[in-house]
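>>> Here you go, sequence then predicted model.
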Amino acid sequence: MTTKPEQSSEDFWVFGYGSLMWRPGFDFLERRNARLVGAHRALCVLSYVHRGTPEKPGLVLGLDRGGNCRGIAYRVAKSKRAETIDYLRAREQVTMVYREAWRRVWLDDDPQHNVQALVYMVDRGHQQYAGRLTLAEQLHYIRQGHGRSGPCRDYVQAAVKELETLGVRDKDMEILGERLKGTHEQQ
C-alpha cells in the first residue's frame, strides 16, 4: 500500500498560481518556477470573502481544466507539513470553492524534473464558479469587489505584476491591468 502525498512524512511541494505566488504566507525551503499541465489560470471565481462579499462579489483566480499554467512551486519541510496544510486550508477553503488535489508539476529549470504538488483547483459545480466571463464582466466584478483582504483591483494588479516579473505573457491579464490603471482616482 502506498502512502498518500498528504500523509507522507517527507518534504512536499505546493503550487501557487495566484496570490500564493507573491504572498505564500508559509515557510518554505525552496521556490522554483513551475508548470502544471492540464489546467490553466483564469479569473473564474466570484470572491465572497477575501476580495468581495456575497452582495458585491469580487473576482479571483482559479485553476480551471484544460491548457497549462506557469506558476511557483514551493518545497516545504516535512516538519512544517501539517502546519502548512492547515494554513492553506484555512486560507483557500473558506467557502470550499476549490478542490484540494495533488498534481504533477514540472520545474522550469530542469524540464526532466517533475514533482507531486498540492494545488487548489476550482470546483466547477460550486455556486461561486463564474466560468468564462467577458472583459466587461470581469472589470465589473474587479472594480466592485472589496473584501477581508482588500480591494479586488489590488489583487488583479498584483497578479499582473507577478506574472510580468516571472516573464509569463498573459494577454488577458495584461489588458485588465491596463484597464485598471487609474481606478483608484475614479472611485
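Yep, that arrived. Numbers count the residues shown, from 1 in each chain.

>>> so how far is stretch 92-99 off the chain centroid?
12 Å (C-alpha atoms, centre = their mean, to the nearest Å).

>>> Now that stretch - C-alpha only, PDB.
These are the backbone C-alpha positions of stretch 92-99, laid out as PDB (Å, rounded to 0.1, in the frame of the first residue of the first chain):
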ATOM      1  CA  GLU A  92      -8.100  28.700   0.300                       C
ATOM      2  CA  GLN A  93     -11.100  26.700   1.600                       C
ATOM      3  CA  VAL A  94     -13.100  29.500   3.300                       C
ATOM      4  CA  THR A  95     -16.100  28.700   1.100                       C
ATOM      5  CA  MET A  96     -14.900  25.400  -0.400                       C
ATOM      6  CA  VAL A  97     -14.800  26.800  -4.000                       C
ATOM      7  CA  TYR A  98     -11.600  25.000  -4.500                       C
ATOM      8  CA  ARG A  99     -10.800  21.300  -4.600                       C
END
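
>>> got the buried residues for it?
Buried residues in stretch 92-99, counted by 16 or more other C-beta atoms under 10 Å: 92, 95, 97-98. Placement of C-beta: from N, CA and C, glycine included.

>>> which among those gets closest to residue 22?
residue 92 (15.2 Å; C-beta to C-beta).

>>> Compute the distance between the closest one and residue 14, please.
Distance, residue 92 to residue 14, by C-beta to C-beta, to the nearest Å: 10 Å.

>>> I'd like the distance from the strand or helix carrying residue 178 to the chain centre, please.
Assigned by DSSP states H and E, residue 178 belongs to helix 171-180. Chain-centre distance of helix 171-180: 17 Å, with C-alpha atoms, centre = their mean.

>>> what is the rounded mean pLDDT of that helix?
On average, the pLDDT along helix 171-180 is 92.

>>> picking up where we left off before, now for the buried residues of stretch 92-99, which pair is the farthest apart?
Maximum pairwise distance among those (C-beta to C-beta): 9.7 Å, between 92 and 95.

>>> which residues in this structure form strands?
For the chain, applying DSSP state E gives strands covering 12-16, 30-47, 58-76, 98-107, 114-122, 146-147, 150-151.

>>> Adding distance to residue 172 and mean pLDDT, write those out as CSV.
Converted to CSV, the strands of the chain look like this (distance: least, C-beta to C-beta, whole Å; pLDDT from 0 to 100):
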stretch, distance to residue 172, mean pLDDT
strand 12-16, 19, 97
strand 30-47, 8, 96
strand 58-76, 11, 96
strand 98-107, 21, 96
strand 114-122, 16, 97
strand 146-147, 22, 96
strand 150-151, 20, 96
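
>>> Alright, I will stop here.
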